[in-house]
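Q: Okay, here's the prediction I keep looking at, along with the sequence it came from:
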Amino acid sequence: MQPVVRYKKESFPMKLLIIDDQPQVTDSLKEAIEPGGHECVIYNDPQKAVNCFEKEYFDAVLTDLKMPEMDGIQVLKTIQKFRPGTPVIILTGYADTQNAIEAVNLGAHAFFQKPVQIQDLLESLRCIEMKQQEEMVKEIKINRLQAEKETMSDEMKQRINQNLQLISSLLRLQSGKLSNPEAQRALKAAHQRILTMALIHERMYSEKNHAKMDLADYIERYMNSFTQTHQLSQKQIQVVLKLDPVSVDINHAIPWGLVFNELISNAIMHAFPDSNNGSNRIEISLKRDKTNAIILSIEDNGKGMNVSKDMDNCDSLGMNLITNIVRYQLNGDITFSNDSGIHVKVTSQN
């Protein structure tokens, strides 16, 4: 059972649980304490009192030490186990030093010998109330700071996305004014990379855990958008996704996104001739192996390429971007194989 939480205003009276097997004692304590504004709930059966404590919130507990079936030390242990930190005041008619030491060691707030001096008891309750009010003020400040942090985070998210969208729009407009096909392709590629980063930022901030991003979810959303934008169905290109849930930390989310963007863009642009009898196919798989390494595979049945060429000397900016990101940002490896098309495999522990 989850602890019951009771929120209080500053200077709100405390709710006290009073336990003693003698009704005249609980009644007397209630009559002495309640005029100070506190609410007292009294029990003469300690087990019933503990059951009540588990269901309701109490700011503090006053319990007799010597009681049948369950003594005050047992009550103290049960309360501290169920809701640690609850102030417990022990009352006893016996001058037992050993019990007093044990009670204090178990977290008792105070130890009073009967007959209790009411003024001393009320002073002890005032100390408890002041401490709880200080904790409430700290909690209010922490909550306020957390709210301000979340507001700033949301504003930063909006600004980043707006700036990325602005840059993307400028690149798209600029590419439309160029007559050089090679320059147009370069700007369009840059435009796609900016969109990739924007999508990653969107996914990161939408996650409950901002320190992690679900890479499989990102790839699926990316391909849904990519399929529509590039009209893959009209080009008769079938995309098959085999994605296991894989989380990556925030520092590696953008590198993974850029690598995937370059690989899938290359596959769409270069893998297939204009016509392939409607059997163009790209398979994307994502998983972790037994060593917990992330494995991203993109395989097509296109025209293939000369994989024996040194990838470091490749003239393609996109290909050099892929290899550099994989090696130096993801600390991983990338392999290319030519078997009825191209199979690209990226492996990384990040």
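A: Good, I have the coordinates.

Q: Please enumerate the helices of the stretch 1-150 of the chain.
A: 23-33, 46-55, 72-82, 97-105, 118-176 (DSSP state H, counting those that start in this stretch).

Q: tell me the most buried of the ones you listed?
A: helix 72-82 (a mean of 18; mean count of other C-beta atoms under 10 Å). Where you see a C-beta, it was placed from the backbone N, CA and C, and this is true even at glycine.

Q: quick one: that helix to helix 46-55, angle?
A: 20 degrees (axes from the mean of the first three to the mean of the last three C-alpha atoms, to 10 degrees).

Q: so what does helix 72-82 touch, helix or strand wise?
A: The elements that helix 72-82 packs onto, with contact taken as 3 or more C-beta pairs under 8 Å, 6 or more residues apart in numbering; DSSP states H and E, are helix 46-55, strand 60-64, strand 88-92, helix 97-105.

Q: quick one, domains of this protein?
A: Per the record, the chain has its domains at 15-116, 211-350, by automatic domain parsing.

Q: Can you pull the poorly scored residue ranges out of the stretch 201-350 of the chain?
A: Scanning the stretch 201-350 of the chain for pLDDT under 70 picks out 201-210, 229-231, 233, 273-278, 305-318.

Q: just the helices in it please.
A: 215-229, 250-270, 317-324.

Q: got the ones you listed as a markdown table, with distance to Lys81 columns?
A: Converted to a markdown table, these look like this (distance: least, C-beta to C-beta, whole Å):
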| stretch | distance to Lys81 |
| --- | --- |
| helix 215-229 | 41 |
| helix 250-270 | 38 |
| helix 317-324 | 56 |
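
Q: Comparing those, which comes out most buried?
A: helix 250-270 (a mean of 20).

Q: Now that one - C-alpha only, PDB.
A: Provided in PDB are the C-alpha atoms of helix 250-270 (Å, rounded to 0.1, in the frame of the first residue of the first chain):
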ATOM      1  CA  ILE A 250      21.100  12.000 -25.700                       C
ATOM      2  CA  ASN A 251      24.700  12.500 -26.800                       C
ATOM      3  CA  HIS A 252      24.400   9.800 -29.500                       C
ATOM      4  CA  ALA A 253      20.900  10.400 -30.800                       C
ATOM      5  CA  ILE A 254      21.800  12.900 -33.500                       C
ATOM      6  CA  PRO A 255      24.800  10.900 -34.800                       C
ATOM      7  CA  TRP A 256      22.600   7.800 -35.100                       C
ATOM      8  CA  GLY A 257      19.900   9.900 -36.800                       C
ATOM      9  CA  LEU A 258      22.400  11.400 -39.300                       C
ATOM     10  CA  VAL A 259      23.900   8.000 -40.100                       C
ATOM     11  CA  PHE A 260      20.500   6.600 -40.800                       C
ATOM     12  CA  ASN A 261      19.500   9.600 -42.900                       C
ATOM     13  CA  GLU A 262      22.600   9.300 -45.100                       C
ATOM     14  CA  LEU A 263      22.200   5.500 -45.500                       C
ATOM     15  CA  ILE A 264      18.500   5.500 -46.400                       C
ATOM     16  CA  SER A 265      18.900   8.500 -48.700                       C
ATOM     17  CA  ASN A 266      21.800   6.800 -50.600                       C
ATOM     18  CA  ALA A 267      19.700   3.600 -50.900                       C
ATOM     19  CA  ILE A 268      16.700   5.500 -52.400                       C
ATOM     20  CA  MET A 269      18.800   7.600 -54.800                       C
ATOM     21  CA  HIS A 270      21.400   5.200 -56.000                       C
END
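
Q: starting at the chain centroid, how far to it?
A: When C-alpha coordinates are averaged (C-alpha atoms, centre = their mean, to the nearest Å), helix 250-270 and its chain have centres 26 Å apart.

Q: the inter-axis angle of it versus helix 317-324?
A: 140 degrees.

Q: Select, out of the domains of the chain, the one closest to Thr196.
A: Shortest distance between Thr196 and these, using C-beta to C-beta, is found for domain 211-350: 4.3 Å.

Q: how long is that closest one end to end?
A: Its first and final residues considered, domain 211-350 spans 13 Å by C-alpha to C-alpha, to the nearest Å.

Q: Ala211: neighbour count?
A: 10 (other C-beta atoms under 10 Å).

Q: That one and Asp249 touch, don't they?
A: Yes: using C-beta atoms under 8 Å, Ala211 is in contact with Asp249, at 6.2 Å.

Q: The helices of the stretch 201-350 of the chain: which one's closest to Asn331?
A: Across the helices of the stretch 201-350 of the chain (criterion: C-beta to C-beta), the nearest stretch is helix 250-270, sitting at 9.4 Å.

Q: Tell me how far Glu299 lies from Val240.
A: 9 Å (C-beta to C-beta, to the nearest Å).

Q: Mutual contacts of the two, please.
A: Counting by C-beta atoms under 8 Å, 6 or more residues apart in numbering, the shared contacts of Glu299 and Val240 are 282-283.

Q: Comparing those two, which residue is more hemmed in?
A: Remark: of Glu299 and Val240, Glu299 carries more neighbours, 21 against 10, as counted by other C-beta under 10 Å.
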